[in-house]
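S.K.: give me a model of this one.
(2 chains)
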Amino acid sequence: MAYALQQLINGLTLGMIYGLIAVGYTMVYGIIGMINFAHGDIFMIGAFLSLIALLGLSALGISSVPLALALTLIFAAGIAAIYGWSVERIAYRPLRGSFRLAPLISAIGMSITLQNFAQVSQGARVKPMEPLISGGLLLTEGDGFAVQLSWMQIAIVVTTLIVLAIFTWLVTKTPLGRSMRACEQDLKMAGLLGIDTDKTISLTFVIGAALAAVAGLMFLLYYGVIDFYIGFIAGVKAFTAAVLGGIGSLPGAVLGGLLIGLIEVFWSAYFSVEYKDVAAFSILIVALIFMPTGLLGRTEVEKV
Amino acid sequence: MNLALRDAFLSAAAALGLFLPMVGFVATNTDQGLVLTYRPIAVAVLVAMVFVGRLIAVSWRGRSARPQQPNAELAARFAAAGKYLTPLLLVMALLLPLSGSRYYVDLGTLVLTYIMLGWGLNIVVGLAGLLDLGYVAFYAVGAYSYALLAESFGLGFWTCLPLAGILAAFAGLLLGFPVLRLRGDYLAIVTLAFGEIIRVVLINWVSLTHGPNGISGVPRPTLFGLSFSMDGGEGTVAGFFDIEPETIQRVVFLYYVIFGLALLTNWVTLRLRRLPLGRAWEALREDEVACRSLGIDVTNTKLTAFAIGAMFGGFAGAFFATRQAFVSPESFTFIESATVLAIVVLGGLGSQLGVALAALAMVGGLELLRELLTEIAEQMGSPIFAGLAGELPTYRMLIFGIALVVVMVLRPRGLVSGRTPTATLPARA
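M.R.: Numbers count the residues shown, from 1 in each chain, chains lettered A, B, ... in the order given. Model prediction:
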């Protein structure tokens, strides 16, 4: 029981990270109906930016951990936002209204580009980092197994919740959020009613990228080791989360993220660690075949 | 001009934001953990390149994006040139082993493997319009089929070649049957996941595949039962023809095997395009809803494209296994899928000649460029060229990625594709 409780805690923490990335997929899909393949790589860039920022701050002699984390968060989210904006501007905007495969292929090209850009600029070796926050709370001790809630996990969950709260406020209460939701319902009509759709789509990518960068920082803190390849696997898993929760639905993305995190952790704990990625990918295939609308999604009618 | 300058400054500012943290600072692995190192000059060069590039681009064609022009004219010219180019390339490919250089024959074999993979994927992506990001999975199925059949049952290459194709096609059916009902972009990500699943299974199913160590000692192909072993005795090619046994004989033989396989792929594709099935593929690529309302069985049509494409991937995989005499999961990463996809897209999504030229340029061209740079570096004793040559393989995938984006943005239908329908109505009198 204690073991399962520990896995539950770990799974929820991991799920938060996936949820943050999944929100970016689902937002873009909701508005322009395409899979942003490069999103996972933006997450990876975010993790690298966080690493560089943390190293830079420690070189500058800032030793207060909360301050360093806050500065890193702002820096990584800000720069990743520029990446998100550039990706949309360069690779997707010129292809709006082009034939079906064009934006998809260009998105894959962008994903390969970002991945190899990180490899070329930062080197192919894995980057290990010493844990910033250690220790934690001892919850219970049953069956000779100590259930621990580490400070790191608390920090990750709290930060994610704060970021998601800000994001929810942004989408539901601000004029920007209103135009985003309008574009999601009907892009052309929103344009006719005077919404700058290009700008709204750009801002969607910017917000999605910033969230992915936050996830990148969390990933770096949680695992303490990153390389240029993490974006690929995490991206597919987060996309699975978005599909599972119902693509286009923002709460669904977070819910799906939590589910994927839990499934992955429990699978590794009780079945096999080697096949944990296979488990996540199989869920993607099964979810797409048997419930393509996901848990909280709407059915889509294709019109000619 | 003023506007162009402003635009260029903005682009340069964005580039500074992009490159300053990622290129300017490097988290370098050292014995004492990670240390930041600095590269200000690289950032300055990149930002300057963006500034100048944007300035030139904007002043050249104005700020507004021009409408997408159909490149039918270019395609027509290309088709006309193709009449002479195709036989020329064929003759060159046929005569290449006469050069007697092992390096060129090996490179030619590599290029032909990619041409064959490109033509196989072209059926799926170029003709049927299904974006398959896990093509390498079928390549892996073919390679492992041959390696395992040879290891467990002692079967030879020519017996296993059709079996590998059949098994790969079967894998294609197995994956395609449930997922081909999905929308195009879902299909893309599912195939991507499938490719990863195959790779992870190959790594972890140690009792069957020997895991990451791979399978070594995969037998070489034989020429009508004659082997290419070095002892030159009875039953070897050298012994039969009474010549000195040399490695180059086997290399040349392998070259002609893949040459024949690639031509087979091309021939089958060209014939299929004239069948109702091939026409249905192309119609499907253009408009799925229209196809369905015209009574074409969409799922079955997609499934055949998927299975036939997978079959050629399987053939190429078996060839890969026999050429390397070794298979391991490392050869079947997403990078391979992406390379083949890049070749198909650059070649023009459906154009056979285009795919061949793209493979020649992307695989052979880069390799030759590296060779050339090494040569120059040796001649001049210049460390800059030597450095460039050494770095080139690292930049290969970066170049591929950028090329994919650039081609899609400038010519979404591929570099040379005119998207000419193979079936046209006769002109009315």
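S.K.: find the nearest non-adjacent residue to the closest residue to chain A within chain B, please.
M.R.: Going by CB to the nearest CB, chain A is nearest to B:Leu404 of chain B, at 2.8 Å. For glycine as for every other residue, the C-beta is placed from the backbone atoms N, C-alpha and C. In space, and not counting its chain neighbours, B:Leu404 is closest to A:Gly109: 2.8 Å by CB to CB, 6 or more residues apart in numbering or on different chains.
S.K.: what's the first helix or strand after the helix or strand hosting that neighbour?
M.R.: Here A:Gly109, judged by DSSP states H and E, is contained in helix A:101-122. Moving toward the C-terminus from helix A:101-122, the next helix or strand (DSSP H and E) is strand A:127-128.
S.K.: let me see the contact set for the residue nearest to B:Leu404.
M.R.: By CB atoms under 8 Å, 6 or more residues apart in numbering or on different chains, the residues touching A:Gly109 are A:91, B:342, B:400-405, B:408.
S.K.: cool, B:Thr301 as well?
M.R.: Contacts of B:Thr301 by CB under 8 Å, 6+ apart are B:128, B:277, B:280-281, B:284, B:291.
S.K.: go again with 7 Å.
M.R.: B:277, B:280-281, B:284 (CB atoms under 7 Å, 6 or more residues apart in numbering or on different chains).
S.K.: so, low pLDDT: which residues of the stretch 1-150 of chain A?
M.R.: A:142-144 (pLDDT under 70).
S.K.: now do the strands in it.
M.R.: A:127-128, A:136-142, A:145-150 (DSSP state E, counting those that start in this stretch).
S.K.: run the chain-centre distance for the last one.
M.R.: Chain-centre distance of strand A:145-150: 26 Å, with CA atoms, centre = their mean, to the nearest Å.
S.K.: any idea of the mean pLDDT in the next helix or strand after that strand?
M.R.: Downstream of strand A:145-150, the next assigned helix or strand under DSSP H and E is helix A:151-173. What helix A:151-173 shows for mean pLDDT is 89.
S.K.: now do the buried residues in helix A:151-173.
M.R.: A:152-153, A:155-157, A:159-160, A:163-164, A:167, A:171 (16 or more other CB atoms under 10 Å in any protein chain shown).
S.K.: kindly report the same for stretch B:191-206.
M.R.: B:191-204.
S.K.: repeat for stretch B:155-167
M.R.: Applying 16+ other CB under 10 Å to stretch B:155-167 flags B:156-157, B:160-161, B:163-165, B:167 as buried.
S.K.: and for stretch B:373-390, what's in contact with it?
M.R.: Against stretch B:373-390 from outside (CB under 7 Å, 6+ apart): B:370, B:392.
S.K.: now do 8 Å
M.R.: Stretch B:373-390 has contacts (CB under 8 Å, 6+ apart) with B:370-371, B:392.
S.K.: so among those residues, where is pLDDT lowest?
M.R.: B:Leu392 (72).
S.K.: that residue reaches B:Leu372, doesn't it?
M.R.: No: look at B:Leu392 against B:Leu372 with CB atoms under 8 Å: they stay out of range, at 10.1 Å.
S.K.: most surrounded residue in the contacts of B:Thr301?
M.R.: For these, counting by other CB atoms under 10 Å in any protein chain shown, the largest number of neighbours falls to B:Trp281: 27 neighbours.
S.K.: against which helices or strands is the host helix or strand of that one packed?
M.R.: Per DSSP H and E, B:Trp281 falls inside helix B:276-286. Where contact means 3 or more CB pairs under 8 Å, 6 or more residues apart in numbering or on different chains; DSSP states H and E, helix B:276-286 is packed against helix B:247-274, helix B:288-293, helix B:298-324.
S.K.: tilt between it and helix A:101-122?
M.R.: 70 degrees (axes from the mean of the first three to the mean of the last three CA atoms, to 10 degrees).
S.K.: in the stretch 101-250 of chain A, what residue comes closest to chain B?
M.R.: Taking CB to the nearest CB, the stretch 101-250 of chain A has A:Gly109 as its residue nearest chain B, at 2.8 Å.
S.K.: for A:Ser272, which three-state class applies?
M.R.: coil (DSSP: H, G, I helix; E, B strand; the rest coil).
S.K.: excluding residues flanking it in the chain, which one is nearest it?
M.R.: B:Asn204 (7.9 Å).
S.K.: so the one you found touches A:Tyr275, yeah?
M.R.: Yes: the pair B:Asn204 / A:Tyr275 is scored as a contact, 6.4 Å apart, by CB under 8 Å.
S.K.: tell me where the longest helix sits in chain A.
M.R.: helix A:2-32 (DSSP state H).
S.K.: that older thread, just the C-alpha atoms of the helix holding A:Gly109, please, in CSV.
M.R.: C-alpha atoms of helix A:101-122 as CSV (Å, rounded to 0.1, in the frame of the first residue of the first chain):
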residue,chain,number,x,y,z
LEU,A,101,0.4,17.5,-45.8
ALA,A,102,2.4,20.8,-46.2
PRO,A,103,2.1,22.1,-42.6
LEU,A,104,2.6,18.6,-41.2
ILE,A,105,5.8,18.1,-43.1
SER,A,106,7.1,21.6,-42.3
ALA,A,107,6.3,20.9,-38.6
ILE,A,108,8.4,17.7,-38.8
GLY,A,109,11.2,19.6,-40.5
MET,A,110,11.1,22.2,-37.7
SER,A,111,11.2,19.4,-35.1
ILE,A,112,14.3,17.9,-36.7
THR,A,113,15.8,21.3,-37.0
LEU,A,114,15.3,22.2,-33.4
GLN,A,115,16.6,18.9,-32.2
ASN,A,116,19.7,19.0,-34.2
PHE,A,117,20.2,22.7,-33.5
ALA,A,118,20.3,21.8,-29.8
GLN,A,119,22.7,18.9,-30.5
VAL,A,120,25.0,21.1,-32.6
SER,A,121,25.0,24.1,-30.3
GLN,A,122,25.1,22.3,-26.9
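S.K.: spatially central residue in chain B, please.
M.R.: The centre of chain B sits closest to B:Val340, judged by CA atoms, centre = their mean, with a distance of 2.1 Å.
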